[in-house]
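Trainee: next come a sequence and a model predicted from it.
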Amino acid sequence: MKGIALSAHHITARVGGVEVLHGIDLHLPEGRWTSIVGPNGAGKSTLLKVLAGLLPRGQVDGQVALLGRMLTQVPARERARQLSWLGQNEGSADDLTSYDVAMLGRLPHQPWLAPPSPADHAAVEQALRTTQAWDWRDRPLSQLSGGERQRVLLARALAVQAQVLLMDEPLANLDPPHQTDWLHTVRALVAGGATVVSVLHEVSLALHADDLVVMAQGRVTHQGGCNEVVTHRALEAVFDHRIAVHELFGQWVALPR
Ligand SMILES: Nc1ncnc2c1ncn2[C@@H]1O[C@H](COP(=O)(O)OP(=O)(O)OP(=O)(O)O)[C@@H](O)[C@H]1O
């Protein structure tokens with residue numbers, strides 16, 4: 001029986017003085033990949049930030065639990081080792097080389113002021129090779145294209161080697177082969193016991209997940225398996241039936257209606 005990696009209890013969140021999440025309850029099982037989908041402005045990114053503990057406490061009511069402990073009670077460094085974050089349009093240190101950016105993912109593993117260990121270098125190399133960013137490891141982030149930059153940021157998230165990975169629009173700027181690589185990477189992480197939660201606009205790719213959380217207007221309207229017909233109907237409904245889910249070559253795809 002698998003445990004719960006992340007859970008949200010009665011989450012209400014305010015951004016810019018406006019309530020954008022209205023009493024969300026959610027349980028995300030360990031060792032599975034869950035995709036969060038829904039229309040623009042539904043609150044997906046805000047929910048992901050709440051799950052990561054990134055919204056200031058004053059803006060959030062309710063509780064989040066990470067691997068069975070209240071998130072607020074997990075010390076920051078421990079949390080940073082257990083939970084890896086890939087944000088949307090994140091500012092990053094543009095002057096750093098790709099290698100050093102990926103090495104930032106190892107900070108929670110390093111003692112204060114200690115140089116990176118062989119294990120840190122090995123984790124960074126493995127992460128950069130996984131996202132096929134190793135070849136430009138010496139180039140500053142500012143000199144990379146949008147997709148190349150995204151692959152370095154993804155490598156930083158992988159280098160943490162966390163049990164739980166939260167990714168907001170991880171496929172932004174990635175071409176189809178690298179989107180496919182990302183799918184395989186997530187599948188390998190989950191096969192190794194990790195939990196992945198991704199916010200995705202690419203609905204057909206989101207349907208490759210184990211489970212789907214469907215959101216609209218700051219609420220979860222459905223949570224269920226990607227293979228379940230009821231999930232497909234919830235997905236079609238949240239997008240005003242402008243898409244339809246079909247099976248094609250053994251995969252679920254969402255096509256314009
Ligand atoms: N700084 C802010 N001030 C006021 N409202 C905000 C702010 N940031 C976000 N919002 C509002 O919060 C709501 C939820 O935003 P959020 O970014 O979580 O949605 P989303 O589902 O991730 O959207 P998208 O698919 O467009 O990325 C939206 O209505 C948005 O306009």
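Mentor: Cool, got the structure. Numbers count the residues shown, from 1 in each chain.
Trainee: and the strands in the stretch 51-200 of the chain?
Mentor: With DSSP state E, counting those that start in this stretch as the criterion, the stretch 51-200 of the chain has strands at 60-66, 69-70, 83-86, 164-168, 195-199.
Trainee: which residues of this protein score low on pLDDT?
Mentor: Applying pLDDT under 70 to the chain flags the ranges 1, 91-92.
Trainee: show me which residues of it sit near the ligand.
Mentor: 15-16, 18, 20, 38, 40-46 (C-beta under 6 Å from any ligand atom). C-betas here are computed from N, CA, C, even on glycine.
Trainee: at 8 Å what do you get?
Mentor: 15-18, 20-21, 38-49, 88, 168-169, 199, 201, 215, 218 (C-beta under 8 Å from any ligand atom).
Trainee: among those, which lie within strands?
Mentor: Within these, residues falling in strands by DSSP state E are 15, 18, 20-21, 168, 199, 215.
Trainee: which of the residues you listed has the largest number of neighbours?
Mentor: Of all those, residue 21 has the most neighbours under the rule other C-beta atoms under 10 Å, reaching 27 neighbours.
Trainee: that one reaches residue 48, doesn't it?
Mentor: No. Assessed by C-beta atoms under 8 Å, residue 21 is found out of contact with residue 48, at 10.8 Å.
Trainee: which one of the strands of the stretch 51-200 of the chain lies nearest to residue 104?
Mentor: Minimum separation from residue 104 across these (C-beta to C-beta) falls at strand 83-86, 11.2 Å.
Trainee: packing partners of the closest one?
Mentor: Applying 3 or more C-beta pairs under 8 Å, 6 or more residues apart in numbering; DSSP states H and E, we find strand 83-86 packed against helix 146-159, strand 164-168.
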